[in-house]
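Visitor: next input, structure requested:
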Amino acid sequence: MSGQIKCKRPKCTFEFKQDAAKPVNEKGYTHKQAADNLGVSLGAMDVG
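Guide: Below you'll find the predicted structure:
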């Protein structure tokens, strides 16, 4: 590769992940629904 720098994606905080899990735990959402509502990927929430 000719001098390209690969940027790392920002990591989600533990608090963000806790808040993201609330709809799953409390309202029966799927992990995919929760991720979609937050505008993030499943991988960002580490639930793949």
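Visitor: show me where pLDDT drops low in this structure?
Guide: The model of the chain has pLDDT under 70 over residues 1-11, 47-48.
Visitor: hmm, 80 instead?
Guide: For the chain, the stretches with pLDDT under 80 are 1-13, 16-17, 44-48.
Visitor: which strands and helices sit next to the longest helix along the chain?
Guide: Ordering each helix of the chain by length in residues (DSSP state H) puts helix 14-27 first. Other helices and strands packing on helix 14-27, by 3 or more CB pairs under 8 Å, 6 or more residues apart in numbering; DSSP states H and E, are helix 31-38. C-betas here are computed from N, CA, C, even on glycine.
Visitor: buried set for the longest helix of the chain?
Guide: Across helix 14-27, burial judged by 16 or more other CB atoms under 10 Å covers Ala20, Pro23, Val24.
Visitor: ok, now which ones touch the first one?
Guide: Shown in contact with Ala20 (CB atoms under 8 Å, 6 or more residues apart in numbering): Cys12, Ala34, Ala35, Leu38, Val40, Met45.
Visitor: isn't Ala44 up against Cys12?
Guide: Yes - in this structure, Ala44 sits in contact with Cys12. The criterion is CB atoms under 8 Å, and the distance is 5.5 Å.
Visitor: right, and Val24 touches Ala35 too?
Guide: No - in this structure, Val24 is not within contact of Ala35 by CB under 8 Å, at 9.7 Å.
Visitor: in this structure Leu42 contacts Ala34, no?
Guide: No - with contact taken as CB under 8 Å, Leu42 and Ala34 are classed as non-touching, separated by 9.1 Å.
Visitor: between these two, which has more neighbouring residues?
Guide: When Leu42 and Ala34 are compared on other CB atoms under 10 Å, the one with more neighbours turns out to be Ala34, at 21 against 14.
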